[in-house]
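Student: No sequence on hand, only this structure:
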């Protein structure tokens, strides 16, 4: 499906259309999740504008495609979300975390600009997860999507550390 007409005016009444043609209120839980996932994808796009290690760049581009797939599954009630995407995130977490020193204290968001942007994306992933959990209380959605967002925020935290470390930037530890 190609979008040739961007302005339709069909949403001027406060509703929006799902992929199956159903109209829903723009403030319904499903649309909140779709918006949070879209915002997360946009934050990853800003992060990708930075100089990044090539492997991290490739991982983030795959994640952007996954998030687009998740948005599509959310816009198509009853559509599945591929569980293999979740397994790939688990493998990426294990891979990137393997070379990091263990944490003994909480770290503060920041460091390099890329790591700080990754921290912002991590917090948006957590919000998207909360929004999806809220949606699942009243509507059906792919459970794998909720797990994916949870795991994605974990991976983004690990990538924040990887980005700082690859730039020679020490992590800022929380001081009590």
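Tutor: That came in fine, so what should we check first? This is a predicted model, so every value here is computed, not measured.
Student: Going by C-alpha atoms from here, please, whenever you check contacts or count neighbours.
Tutor: Will do.
Student: Is residue 16 in contact with residue 27, as I believe?
Tutor: No. Applying CA atoms under 8 Å, one finds residue 16 not in contact with residue 27, separated by 9.5 Å.
Student: More neighbours: which of the two?
Tutor: Each of residue 16 and residue 27 has its neighbours counted (other CA atoms under 10 Å); residue 16 has more, 18 against 12.
Student: Report the secondary structure element holding the more buried one.
Tutor: Element membership of residue 16, judged by DSSP states H and E, is strand 15-17.
Student: now residue 78
Tutor: Using DSSP H and E, residue 78 sits within no helix or strand.
Student: how about it, what does it touch?
Tutor: The neighbours of residue 78, taking CA atoms under 8 Å, 6 or more residues apart in numbering as the test, are 140, 141, 142.
Student: Just give the nearest non-adjacent residue to residue 117, would you?
Tutor: residue 47 (5.8 Å; CA to CA, 6 or more residues apart in numbering).
Student: ok, now which ones touch that neighbour?
Tutor: By CA under 8 Å, 6+ apart, the residues touching residue 47 are 114, 117, 118.
Student: Name the member of those with the most neighbours.
Tutor: In terms of neighbour count, residue 118 stands highest of those at 27 neighbours, by other CA under 10 Å.
Student: from memory that residue sits against residue 162, does it?
Tutor: No. If you go by CA under 8 Å, residue 118 and residue 162 don't touch, sitting 10.4 Å apart.
Student: For burial, what's the neighbour tally of residue 75?
Tutor: By the criterion of other CA under 10 Å, residue 75 has 21 neighbours.
Student: so what's it up against?
Tutor: Per CA under 8 Å, 6+ apart, neighbours of residue 75: 18, 19, 20, 30, 34.
Student: pLDDT value on it, please?
Tutor: We have a pLDDT of 91 for residue 75.
Student: Quick check: the gap between it and residue 99.
Tutor: 38 Å (CA to CA, to the nearest Å).
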